[in-house]
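**Q** sequence and computational prediction follow.
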Amino acid sequence: MKFFKIYQNFFLRNLIINVLVIGIIFACVYDEFDGEKLGWSYLFKKICLGYIPMYFGVLCSNIFLIKMFFFQKKYKAFTVFFIIYWVCFYFFVSWYFLYTDLGRLKTLSVFSLVCNGTGIYFLHLWIVDKISQSSKDIINYESELSFLKQQLNPHFLLNAMNNLYGESLVAPERLPDRILNLSDMLRYQIEATKKDFVLLIEEVEFIKKYVEYYTFRNERLSITQNYEGDFEGIEISPLFFLPLVENAIKFSGETIAPFVILDVIVKGQNLSFSIKNNFLASGSRLLSTGIGIDNLKRRLEVYGLKHELVYHKKDDLFSVKLNIWDLPTAAL
């Protein structure tokens, strides 16, 4: 996993690869041109002089031409700019090589550079896509396992049955709704974690059911919910907000007057999520592991979501504020 993180880091990946390539070229040239007479510093300088413009030429082509035109399906503009760019680049490096006393650059060399550089870029995108998909699968599996461990362990089921039994004695007419609520939560969890993305409206409904279940379990718990905006058609990864809501309810439950304030606001494809809860500043029996925040950070990173995440404690209040921009939308 450390290798994958390094590979996904643009600067570290490029630093390692370029140092490796320059080292290989240096080793080959050193023997071919009798490096002992020329000196290793002279050869290294010449290699860098020739390699650097080549590297930046390929980099600019990949980032600006392929990414901005080819991937945006602007094929005509891409073809025109691609040809113009590489023709200009050829004349530039031909002059540059003569100016720096590196010899005459051949057309075949630039053509090989274009093909190899572009091919390696597409290979890199394929590798990143596979790494991202593997990370998504791992996260979804961990989320499913964590939720099942919580919801299906004997302690949870015992409490659920006791609560349902008590409800059947006091208000039996509400019992079917309680059972249905519990069933819906478990069903959604099982189905949702098989997907990369679910509809935001479904995720919100799941949170509402989750909150309803825990307010039923703990009558002292006060949860204020506010949902604004058009949630239709917006997608998000499954059980995305669950760790934060779960922790807020759990730590608030230790206080005399537990409360949770939840706000979810959607504007276009932008989402603002905030949650606040009180907790025991001292004497808590619960150990804060930070898993909820870490889980959220990993999901934001893996799914490549543009975001801003802020969280802090003040006195006996814990708050989390998350803004996400350009959420994906469901295909029509």
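**A** Perfect, I can see it now. Numbers count the residues shown, from 1 in each chain.
**Q** how about Ser284, what does it touch?
**A** Taking C-beta atoms under 8 Å, 6 or more residues apart in numbering, we find Ser284 in contact with 251, 254. C-beta: built from backbone N, CA, C; applies to glycine.
**Q** check Val93 too.
**A** Applying C-beta under 8 Å, 6+ apart to Val93 gives the contacts 53-54, 57, 105, 110.
**Q** at 10 Å instead, please
**A** Applying C-beta atoms under 10 Å, 6 or more residues apart in numbering to Val93 gives the contacts 50, 53-54, 57, 102, 105, 109-110, 113.
**Q** in strands, which of the residues you listed appear?
**A** Here DSSP state E is the test, and those give no hits in strands at all.
**Q** adding distance to Leu186, write those out as TSV.
**A** Converted to TSV, the contacts of Val93 look like this (distance: C-beta to C-beta, whole Å):
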residue	distance to Leu186
Gly50	63
Pro53	60
Met54	57
Gly57	56
Leu102	68
Leu105	66
Ser109	63
Val110	61
Leu113	57
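**Q** and the buried ones among these, selectable in ChimeraX?
**A** To isolate the buried ones among the contacts of Val93 in ChimeraX, judged by 16 or more other C-beta atoms under 10 Å, type:
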select :50,54,57,105,110,113
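**Q** which among the contacts of Val93 gets closest to Lys209?
**A** Lowest distance from Lys209 to the contacts of Val93 (C-beta to C-beta) belongs to Gly57, with 55.7 Å.
**Q** among the contacts of Val93, find the lowest-pLDDT one for me.
**A** Least confident entry in the contacts of Val93, by pLDDT: Leu105, with 75.
**Q** and the contacts of Val93, which is closest to Asp315?
**A** Gly57 (57.0 Å).
**Q** make sure the closest one is actually in contact with Leu113.
**A** Yes - taking C-beta atoms under 10 Å as the definition, Gly57 is a contact partner of Leu113 at 7.2 Å.
**Q** ok, back up a step: sort out for me which of the contacts of Val93 are in helices.
**A** 50, 53-54, 57, 109-110, 113 (DSSP state H).
**Q** can you put these in JSON lines and add distance to Thr79?
**A** Formatted as JSON lines, the ones in helices among the contacts of Val93 follow (distance: C-beta to C-beta, whole Å):
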{"residue": "Gly50", "distance to Thr79": "28"}
{"residue": "Pro53", "distance to Thr79": "24"}
{"residue": "Met54", "distance to Thr79": "22"}
{"residue": "Gly57", "distance to Thr79": "18"}
{"residue": "Ser109", "distance to Thr79": "22"}
{"residue": "Val110", "distance to Thr79": "18"}
{"residue": "Leu113", "distance to Thr79": "19"}
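**Q** name the SS class of Asn226, please.
**A** At Asn226, secondary structure determined by DSSP: H, G, I helix; E, B strand; the rest coil is strand.
**Q** in which helix or strand does the closest residue to it other than its chain neighbours reside?
**A** Excluding its sequence neighbours, the residue lying closest to Asn226 (C-beta to C-beta, 6 or more residues apart in numbering) is Asp263, at 4.6 Å. Under the criterion of DSSP states H and E, Asp263 resides in strand 259-267.
**Q** related to what we said a few turns ago, dig out what the residue nearest to Asn226 forms beta bridges with.
**A** For Asp263, the beta-bridge assignment (DSSP bridges) gives partners Asn226, Ser274.
**Q** pretty sure it contacts Lys321?
**A** Yes - judged on C-beta under 10 Å, Asp263 makes contact with Lys321 at a distance of 9.3 Å.
**Q** any residues in contact with both of these two?
**A** Common neighbours of Asp263 and Lys321 are listed as 272-276 (criterion: C-beta under 10 Å, 6+ apart).
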